[in-house]
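[1] How does the following fold in three dimensions:
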Amino acid sequence: MKDFIKAIFAGVMIGIAGMVYISVPEKYVGAIMFAVGLIVICYFDYNLYTGKIGYAQSHKDVPFLLKCIVGNLIGVFFVALSSSVNTRDMVMSKLNVPLCVTFLRGILCGFLMYVSVDIFKKQKSVIGICYCIPAFILAGFEHSIADMFYICCSGIFTLESLAFILVVIAGNTIGSLVHKFLK
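    Numbering: from 1, shown residues only. Modelled structure (predicted):
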């Protein structure tokens, strides 16, 4: 149960980061402020799927990772309920991108997520977070949990948005695991 609660808290932090990003008129400031979400997650060892997948050892980790995804979704949904940000246009724009491109953007985000978390784990430094998170946001890469938040805020709950999230999750997973094996 503790792992699940830590996953919900991670979702809440990504939801807050997403809300700040959307609310700040200057996209560079918003991208930098988004990093605060991952900094809190790392310091409190919350269970963010995109921060944990790169450390999976075997198929035995799948139940834990599924718990992370569900908990993260609950957390972002909770924040979305309290949000007045309008993400409908953003989400529609994301859904209009071919899924193969979305998949590649998910891989690149997963790669940067793994780098940022790994630097934090090894050096107890937020330097990787402070550079990698704004980089993936400004590059337009896709982060599955942040995208869950944007979709929850938009109210666009369709098979198309579900397919989009599943493709981003797959991309984030491959991006994290590929980088892990390149080390």
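
[2] Show me where this protein has its helices.
    Assigned by DSSP state H, the chain shows helices spanning 2-23, 27-44, 49-52, 62-81, 88-95, 99-123, 127-139, 144-154, 159-182.

[3] by contact count, what packs against the second one?
    Right, the one you point to is helix 27-44. Secondary structure elements in contact with helix 27-44, counted by 3 or more C-beta pairs under 8 Å, 6 or more residues apart in numbering; DSSP states H and E, are helix 2-23, helix 49-52, helix 99-123, helix 127-139. In short, each C-beta sits where N, CA and C put it, glycine included.

[4] most packed of those?
    With neighbours defined as mean count of other C-beta atoms under 10 Å, the helices and strands packed on helix 27-44 peak in mean count at helix 49-52, which reaches a mean of 27.

[5] any idea of the mean pLDDT for that helix?
    Confidence over helix 49-52 (mean pLDDT, whole number) is 96.

[6] which residues touch it?
    Among residues not part of helix 49-52, those counted as contacts by C-beta atoms under 8 Å, 6 or more residues apart in numbering are 7, 10, 38, 41-42, 64-65, 68-69, 72, 109-110, 113, 117, 143-145, 169, 172, 176.

[7] at 6 Å what do you get?
    Judged by C-beta atoms under 6 Å, 6 or more residues apart in numbering, the contacts made with helix 49-52 from elsewhere in the structure are 68-69, 72, 113, 117, 172.

[8] dump the residue contacts of residue 142.
    With contacts defined as C-beta under 6 Å, 6+ apart, residue 142 is in contact with 102, 105-106, 109, 168.

[9] quick one: which two of the residues you listed are the most distant?
    Comparing every pair within these by C-beta to C-beta identifies 102 and 109 as the most remote, at 10.4 Å.

[10] Save the helices and strands packed on helix 27-44 as JSON lines, and put in distance to residue 163 too.
    Below are the helices and strands packed on helix 27-44 laid out as JSON lines (distance: least, C-beta to C-beta, whole Å):
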{"stretch": "helix 2-23", "distance to residue 163": "20"}
{"stretch": "helix 49-52", "distance to residue 163": "18"}
{"stretch": "helix 99-123", "distance to residue 163": "7"}
{"stretch": "helix 127-139", "distance to residue 163": "21"}
